[in-house]
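K.L.:
Just need the structure, nothing else, for what follows:
(2 chains)
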Amino acid sequence: MNLDDQLSAFLGETPKQSRAEIFTAEVMKRAEQREFLDRLMAAAAGAVVIGLVLWACAPVLNLAVSMIAPALAPIAAVFAFAGAVVITGGPAVWRRLGLSIG
Amino acid sequence: MEAALVRQARAGSQAAFARLVAIHEKPLRGFLRKSGWIDADDIAQEAFVAAWAGLAKLREDEGFRAWLYGVAWKKALSQRRGAQRAAARDEAWRGEQELEVAAEVGAEDRMALEKALATLPEDQRACVTLCLGQGWSHAEVSGALGLPLGTVKSHVTRGRERLLAVLGAAS
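P.N.:
Just a heads-up that it's a prediction; the model follows:
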């Protein structure tokens, strides 16, 4: 084996332990985290824009809401009551309270 | 085959990208380690994460390897400029970063080579590692490291001469 081959062998050395699976899992986890943060930032920016638009339209919206609110109040009350029944009557709530069903 | 994986990863396939990571992690970590970066694993990981996020910027699917190494090289350089994180490393982590010792190189030669390699400028070290150690073409290294082709050639020639002189003297 000549000196060039020895040099190539030395320079081409790779890490002793192949950590391919762990390394890949770590990379993918970090990639997902980054993707999530990017999406979160985009959503936050969107929320800010929507907030600004609503704030700018507040006078018109106030007027519209005050016009339709009295008509929608009974429906909202029915929905709220139904929601409360569903939530408090759910098996999960009964289990947490230590009560058995049936 | 690799180009197909790159295409799939670009389309959003995490499985395809994971395959690419598995293919390239060992040589990339070896290159960074040989180029003198203590945090080779961290840099490699950051490079892969950046590559995943920036796959859309890759112009040719076939050029993934050179592009990835370029991303890693930039990460390594920016890390050196930023805060040094190398101090806190436990022994287990160091062990994982140890390189597979080539049987062809004797202990004395190895010590001499490591010493000589450490004295080379970082660009030259990277060129020598990729061209002579991993068999890359000069053009590929030029593209990956963002160095002119002539510079890469002269780095490899000079680096090789210097390392061979050390190797010859030690043998």
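
K.L.:
Flag the helix or strand of chain A with the lowest per-element mean pLDDT.
P.N.:
helix A:91-96 (a mean of 73; mean pLDDT, DSSP states H and E).

K.L.:
Residue 65 sits in which helix or strand?
P.N.:
Here I'm looking at chain A. Using DSSP states H and E, residue A:65 sits within helix A:58-88.

K.L.:
was after chain B, sorry
P.N.:
Using DSSP H and E, residue B:65 falls in helix B:64-81.

K.L.:
need the residues of chain A near chain B, please.
P.N.:
Proximity of chain A to chain B is confined to A:1, A:3-21, A:23-24, A:26-28, A:30-32, A:34-35, A:38 under the rule C-beta under 8 Å from any C-beta of the partner chain. Heads up, the C-betas are built off the backbone N, CA and C, glycines and all.

K.L.:
I would like a PyMOL command selecting only the buried ones among these, please.
P.N.:
To isolate the buried members of the residues of chain A next to chain B in PyMOL, using 16 or more other C-beta atoms under 10 Å in any protein chain shown:
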select buried, chain A and resi 3+6+7+8+9+10+11+12+13+14+15+19+23+24+26+27+28+31
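
K.L.:
Now, the residues of chain A next to chain B that are in helices?
P.N.:
A:3-11, A:20-21, A:23-24, A:26-28, A:30-32, A:34-35, A:38 (DSSP state H).

K.L.:
okay, residue B:167: pLDDT?
P.N.:
Here, the pLDDT recorded for residue B:167 equals 80.

K.L.:
low pLDDT regions in chain B?
P.N.:
For chain B, the stretches with pLDDT under 70 are B:81-98, B:169-171.

K.L.:
How about it: which residue is closest to chain A?
P.N.:
residue B:133 (2.8 Å; C-beta to the nearest C-beta).

K.L.:
Who are the contact partners of whatever residue of chain A ends up closest to chain B?
P.N.:
When scored by C-beta to the nearest C-beta, chain A has residue A:11 as its residue closest to chain B, at 2.8 Å. By C-beta atoms under 8 Å, 6 or more residues apart in numbering or on different chains, the contact set of residue A:11 is B:34, B:117, B:128, B:129, B:132, B:133, B:134.

K.L.:
which two in the residues you listed are spaced the farthest apart?
P.N.:
Using C-beta to C-beta, the contacts of residue A:11 span at most 14.5 Å, a distance reached by B:117 and B:134.

K.L.:
The most centrally placed residue in chain B in helix, strand or coil?
P.N.:
Nearest residue to the geometric centre of chain B (C-alpha atoms, centre = their mean): residue B:31, 2.9 Å. Of the three states, residue B:31 takes helix under DSSP: H, G, I helix; E, B strand; the rest coil.

K.L.:
Lovely, talk soon.
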